[in-house]
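Student: Attaching a predicted model along with its sequence, questions to come.
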Amino acid sequence: MSVDEYEIQCLKSVSPKKDRFVHIENDVSIIHIENIVEKLPQPDMVQEGRMLVMQFSGCINTNEKH
């Protein structure tokens, strides 16, 4: 990995408003700095049953794989 590359953890939306996300197990990517659009704000971590959910204060514009 070079200085201009970052390792990112991929997320999956669990709400229609796209304000709640969970980690996708074993889905880590290395991307070049040119592909970073913005840094996400720090989410609140909420336990929902057995799932740890990241709750953001507003909608996060995403490009999710289906």
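Tutor: Received, thanks.

Student: Show me what the mean pLDDT comes to for whatever helix or strand residue 27 lives in.
Tutor: Using DSSP states H and E, residue 27 sits in strand 20-32. Averaged across strand 20-32, the pLDDT comes to 93.

Student: Pairing partners for whichever helix or strand comes after it, with directions?
Tutor: Counting by DSSP H and E, the next helix or strand C-terminal to strand 20-32 is strand 44-48. Sheet pairing of strand 44-48 (DSSP bridges) gives strand 51-55 (antiparallel).

Student: Name the residues that touch the partner strand?
Tutor: 11, 14, 19-23, 43-47 (Cβ atoms under 8 Å, 6 or more residues apart in numbering). (Glycine included, C-beta is placed from N, CA and C.)

Student: Just the buried positions in that strand, please.
Tutor: Using 16 or more other Cβ atoms under 10 Å as the test for burial, strand 51-55 gives 53-54.

Student: circling back to that earlier point, wait, which of the contacts of strand 51-55 is closest to residue 59?
Tutor: Comparing these against residue 59 with Cβ to Cβ places residue 19 closest, at 5.6 Å.

Student: Confirm for me that that closest one is in contact with residue 46.
Tutor: No. Judged on Cβ atoms under 8 Å, residue 19 makes no contact with residue 46 at a distance of 11.1 Å.

Student: So if I had to pick from the two, which one is more boxed in?
Tutor: Using other Cβ atoms under 10 Å as the criterion, residue 19 and residue 46 rank with residue 19 on top: 16 against 11.

Student: If we ignore the residues flanking it in sequence, what's nearest the more buried one?
Tutor: Distances taken as Cβ to Cβ, 6 or more residues apart in numbering place residue 56 nearest to residue 19, at 4.9 Å, with adjacent residues excluded.

Student: which secondary structure element contains the residue nearest in space to the middle of the chain?
Tutor: Centroid-nearest residue in the chain, with Cα atoms, centre = their mean: residue 11, separated by 3.8 Å. Counting by DSSP H and E, the element that carries residue 11 is strand 5-13.
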